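> Turn this into a structure:
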Amino acid sequence: SLHVCCDAKGKIWIATMQNIYCVSFLPDGDIDQILRYPYRVNTPDVFINDLDRNGSVWVAFGGTLRRLSVNNEQIVNSAISSALPTLPVAFISDVVKYRDKYWIATNNGLYAYDTYTNELTTYRHDYSSLSLSHDHVSSLAVTPDNQLIIGTLGGIDVPNMEMNRFEHIDVGNDMTLSNNFVNCLSYIYGQLWVGTEGGGVIHFVPRQLQIQNYVHTNEPTSLSPFAVNAMYMQDNGTLWVGTVEGGLNRKIQGETGFTHYTIHYTRLSHNSVSAIVADNRQRLWVGTWAGGINGCSLSSPSAIKPL
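Predicted coordinates:
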């Protein structure tokens, strides 16, 4: 799978290279039905998320955003807005709602779509210190105090909308990153977690201006090596990290080490984890590059197994 999300009604949406699946559940947690929407994509990622929190999902087909919903036991594809154009990009990596606009991260810049005026604003890197750090925007997050965080292949950007500029956090400044290639962001309980291509997981505590890097070392409980592709944090502070060829990693709140779940010690179907999400029944769902979807109870990750 390329991406997995849980909508506001508890359905699991799974995007693969050829199909999008919608899995609904019975009250006891058993699967009720699996619906399939066929399509083809040739991109490294597929954005899918319930942005409106109503049980339907936004999906990116290349540079086009569409809405998928379930009606009469079928997945229905509809337009989000007739005024929202197809973007001149190869793929869309993330979308968030911030200050009454939808911010769209792509491989060719950052876009802000105003649903009230139907205006589309484009932000790109122009070699100015005030512009985006990089045109490839990989991930977005919004903090509880309504601040947009932008992950790029050139570091992290924080927009100053009043000044029409971007502040930068990268390898070269005081609030340093261990690697500028940001793959994913997760913000929870006042803390920012950053997954990078070659620098592991970086933990920011903004209120205390503290940074903690989690990287692979010779310690057996360190983070698995190689790129961090996905992250998910539970309400209790437990951090789940999906890595390339390093399997699934779990760090319990208050601990410094990671527990590793790989094909060598569990029934995980593949060691490259690309998507992680939990449902409202305390089940963890893990998407892999070439091994399909895996599931387990949040309290018993050693029992993970493929669907």
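
> For stretch 236-253, give me every contacting residue.
By Cβ atoms under 8 Å, 6 or more residues apart in numbering, the residues outside stretch 236-253 that reach it are 188-189, 193, 195, 201, 214, 216, 223-234, 254, 257-263, 268, 271-276, 284, 286, 289, 298, 301, 304. Where you see a C-beta, it was placed from the backbone N, CA and C, and this is true even at glycine.

> From the centroid of the protein, which residue is nearest?
By Cα atoms, centre = their mean, the mean C-alpha position of the chain lies nearest to Cys184, the distance being 5.7 Å.

> Now the element after the lowest-mean-pLDDT helix or strand in the chain, going C-ward?
The element with the least model confidence among the helices and strands of the chain, by mean pLDDT, DSSP states H and E, is strand 210-214, at a mean of 72. Following strand 210-214 in sequence order, the next helix or strand is strand 228-233 (DSSP states H and E).

> how about low-confidence regions in the protein?
Low-confidence segments of the chain, defined by pLDDT under 70: 1, 44, 163, 173-175, 206-211.

> Would you agree Leu68 is in contact with Tyr37?
Yes - with contact defined as Cβ atoms under 8 Å, Leu68 counts as touching Tyr37 (6.5 Å).

> what is in contact with those two at once?
What both Leu68 and Tyr37 touch, as defined by Cβ under 8 Å, 6+ apart, is the set Ile20, Cys22, Ile75, Asn77.

> Max pairwise distance over those residues: which two?
For the shared contacts of Leu68 and Tyr37, the farthest-apart pair by Cβ to Cβ is Cys22 and Asn77; their separation is 12.1 Å.

> returning to that earlier point: give the contact list for the residue nearest to the centre of the chain.
By Cβ under 8 Å, 6+ apart, the residues touching Cys184 are Ser138, Ser139, Gly151, Val194, Gly195, Val228, Asn229, Ala230, Met231.

> ok, the residue lying closest to Thr266 once chain neighbours are set aside to Phe181 distance?
If the residues on either side of it in the chain are set aside, Thr266 comes closest to Ile304, at 5.3 Å by Cβ to Cβ, 6 or more residues apart in numbering. When Cβ to Cβ, to the nearest Å is applied, the distance between Ile304 and Phe181 equals 28 Å.

> What segments of the stretch 51-200 of the chain are strands?
Residue ranges of the strands in the stretch 51-200 of the chain, as given by DSSP state E, counting those that start in this stretch, are 57-61, 64-71, 74-79, 92-98, 101-106, 109-114, 120-123, 137-142, 148-152, 155-160, 165-169, 182-188, 191-196.

> Tell me the spacing between the residue lying farthest from the centre of the chain and Leu26.
Here the chain has its C-alpha centre computed as a mean, and the residue farthest from that point, by Cα atoms, centre = their mean, is Asn72 with 29.6 Å. Shown here: Asn72 relative to Leu26, a distance of 19 Å by Cβ to Cβ.

> Same check on Val96?
As judged by Cβ to Cβ, Val96 and Leu26 stand 32 Å apart.

> repeat for Ile252
Distance of Ile252 to Leu26, computed by Cβ to Cβ: 31 Å.

> neighbour-wise, which of the two wins?
In terms of neighbours (other Cβ atoms under 10 Å), Ile252 is the more surrounded of Ile252 and Leu26; the figures are 14 against 9.

> What's the separation between the closest residue to Arg267 other than its chain neighbours and Leu284?
Nearest non-adjacent residue to Arg267, counting by Cβ to Cβ, 6+ apart: Lys305, 4.2 Å away. Going from Lys305 to Leu284 by Cβ to Cβ gives 12 Å.
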